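In: The sequence isn't on hand, but the structure is:
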């Protein structure tokens, strides 16, 4: 058990200035401050320059902004979040971020990365052929690995104080897999001394995070101004539900997060598996299906009986048997998740949730496919999810999606080539990056073809 640090003015550096951090981790740290525990504050930074307007606006507001939360019944609450005490401006060399990460008062460095942002293959090894990874192997800092290598090398040189590296995202076994990827990255750069220092001076606990946080629409700022009088340039909104589960393995102290509802546990595994397979995979299923019938929002797609049934059957028939026994009530969790998705006030878009499918299939969906076959069950319900994604990407190939599809590891040329092949379904089913060992399975290929036919039949109705 790691006790909270007693040191004053400890800094929690977070990399990733998107909405999720500001509606999740920053909220928990704010609750500690509101309870009178002011030992920790957040310094916020970004690796890429896509958040520069946000960072500038936050800096002008002294790091403060309003969080709007809304229940499925439409009850809204407003809270001014005060936990971000320092906003780090972006620069191309990440010099300011590196300097903050090297300071001895920085005791936790957390980060929110999309699944594709880890650049891992289907065996969860570093994809060394990726252009961003190649650039960072030559000394760049485009990726979390390049940025962290630069930061930790400077920290080692400056003071050598230990620090906890904390993932705050949906990658399964995120702490372990990030650490493995970082060590492979350093091995390729032949930085043995830095790798040895990281081995002994850092910890990487696994975590599970949960709160639906859509990209804020313009009307959020309007409601915030009306409710609070604050002309907030960067408000954020999310659902009322929130959860954070962390393995209690911190090397340099931590905030007393258990006092504000964070679950500090020995193993995050059962929580993580339930969330990734039930919530995340169902979310993608609903977004792909809803997009295919011309819908824009998650709630309207969840309220479409055929789509809700697809997600319900996937969880009930295939996921619950795969995860049982579990310390969680999985059927209740399924029902709560679908209720959350149907919240009409969140207005989460299918576009946001449909993103990054080439990472989500191997991470969220393929494990259930494999486990069904391992216990002698044909995963008919689960196969509908990659089938939906196939038809979704076929629309993308044809230029018929209603929005721009975003995917951190999309190889556009390869996907166009696949759909131009004589038999695109076989090419899709044979993709080892997506389906691992099932890529060589004729029964799976046949099941996927049948499932794609079902999707097309459903769309033709």
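Out: The structure has been received and is ready for your questions. Being a predicted model, the structure only gives us computed values, none of them experimental.

In: For the chain, which segments are assigned as strands?
Out: Ranges of strands in the chain, per DSSP state E, are 10-15, 40-45, 65-70, 76-81, 84-87, 106-111, 163-167, 202-203, 207-210, 236-239, 243-247, 263-265.

In: excluding its backbone neighbours, what's nearest residue 231?
Out: Closest residue in space to residue 231, ignoring its immediate chain neighbours: residue 225 at 5.5 Å, by CB to CB, 6 or more residues apart in numbering. Glycine gets a C-beta too; all of them are placed from N, C-alpha and C.

In: what's the neighbour count on that neighbour?
Out: Close neighbours of residue 225, defined as other CB atoms under 10 Å, add up to 14.

In: so it makes contact with residue 232?
Out: Yes: using CB atoms under 8 Å, residue 225 makes contact with residue 232 at a distance of 7.1 Å.

In: Report the set of residues contacting both of the two.
Out: Among the neighbours of residue 225, none is also in contact with residue 232 (CB atoms under 8 Å, 6 or more residues apart in numbering).

In: Quick check, pLDDT for residue 97.
Out: Here, the pLDDT recorded for residue 97 equals 98.

In: Poorly predicted segments of the protein, please.
Out: Regions of the chain meeting the criterion pLDDT under 70 cover residues 1-8.

In: can you list the domains in it?
Out: Listed domain ranges for the chain are 10-265, 269-460 (source: automatic domain parsing).

In: what about residue 318, distance to residue 108?
Out: 37 Å (CB to CB, to the nearest Å).

In: Helices of the stretch 1-150 of the chain, start to end?
Out: Under the criterion DSSP state H, counting those that start in this stretch, the stretch 1-150 of the chain contains helices at 19-23, 25-34, 52-60, 95-102, 131-137, 144-158.

In: Let me know which of the ones you listed is the nearest to residue 210.
Out: Of all the helices of the stretch 1-150 of the chain, it is helix 19-23 that lies closest to residue 210, at 10.1 Å by CB to CB.

In: name the helices or strands packed onto the closest one?
Out: strand 65-70, strand 236-239 (3 or more CB pairs under 8 Å, 6 or more residues apart in numbering; DSSP states H and E).

In: Tabulate those strands in a markdown table, adding columns for mean neighbour count and distance to residue 346.
Out: Output for these, formatted as a markdown table (neighbours: other CB atoms under 10 Å; distance: least, CB to CB, whole Å):
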| stretch | mean neighbour count | distance to residue 346 |
| --- | --- | --- |
| strand 65-70 | 22 | 6 |
| strand 236-239 | 25 | 6 |
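
In: Ok, which of those comes nearest residue 451?
Out: Taking these one by one with CB to CB, strand 236-239 is closest: 30.7 Å.

In: which residues sit against that closest one?
Out: By CB under 8 Å, 6+ apart, the surrounding residues in contact with strand 236-239 are 19, 22-24, 65-72, 211-214, 216, 220, 340, 343, 346.

In: Now, of these, which are buried?
Out: Neighbour counting with 16 or more other CB atoms under 10 Å marks 19, 22-24, 65-70, 72, 211-214, 216, 220, 340, 343, 346 as buried within those.

In: Tell me the spacing between residue 48 and residue 187.
Out: Applying CB to CB, the value for residue 48 to residue 187 is 25 Å.

In: who's in contact with the nearest residue to residue 445 once chain neighbours are set aside?
Out: Nearest non-adjacent residue to residue 445, counting by CB to CB, 6+ apart: residue 429, 4.0 Å away. Contact partners of residue 429, counting by CB under 8 Å, 6+ apart, are 435, 438-439, 444-445, 448-449.

In: of all these, which comes closest to residue 145?
Out: Using CB to CB, the contacts of residue 429 come closest to residue 145 at residue 435, 25.9 Å.

In: just checking, the closest one touches residue 358?
Out: No: look at residue 435 against residue 358 with CB under 8 Å: they stay out of range, at 11.6 Å.

In: Could you report the neighbour count for residue 217?
Out: 12.

In: ok, it - contacts?
Out: With CB under 8 Å, 6+ apart, residue 217 has these contacts: residue 347.

In: and with 10 Å instead?
Out: By CB atoms under 10 Å, 6 or more residues apart in numbering, the contact list for residue 217 reads 223, 237, 347, 349.

In: Now residue 74. Nearest residue, chain neighbours left out?
Out: In space, residue 74 is closest to residue 345, 5.0 Å off (CB to CB, 6+ apart).

In: Residue 148 versus the one you found, what's the distance?
Out: For residue 345, the distance to residue 148 (CB to CB) stands at 37 Å.

In: Looking at the two, which is more packed in?
Out: residue 148 (25 against 17).

In: The residue lying closest to that one once chain neighbours are set aside: neighbour count?
Out: Nearest non-adjacent residue to residue 148, counting by CB to CB, 6+ apart: residue 182, 6.2 Å away. Counted by other CB under 10 Å, the residues lying close to residue 182 total 23.

In: tell me the contacts of residue 182?
Out: 118, 126, 144-145, 148-149, 152, 165, 194-195, 198, 202, 204.

In: among those, which two are most distant?
Out: Applying CB to CB across these, the maximum distance is between 118 and 194, 19.4 Å.
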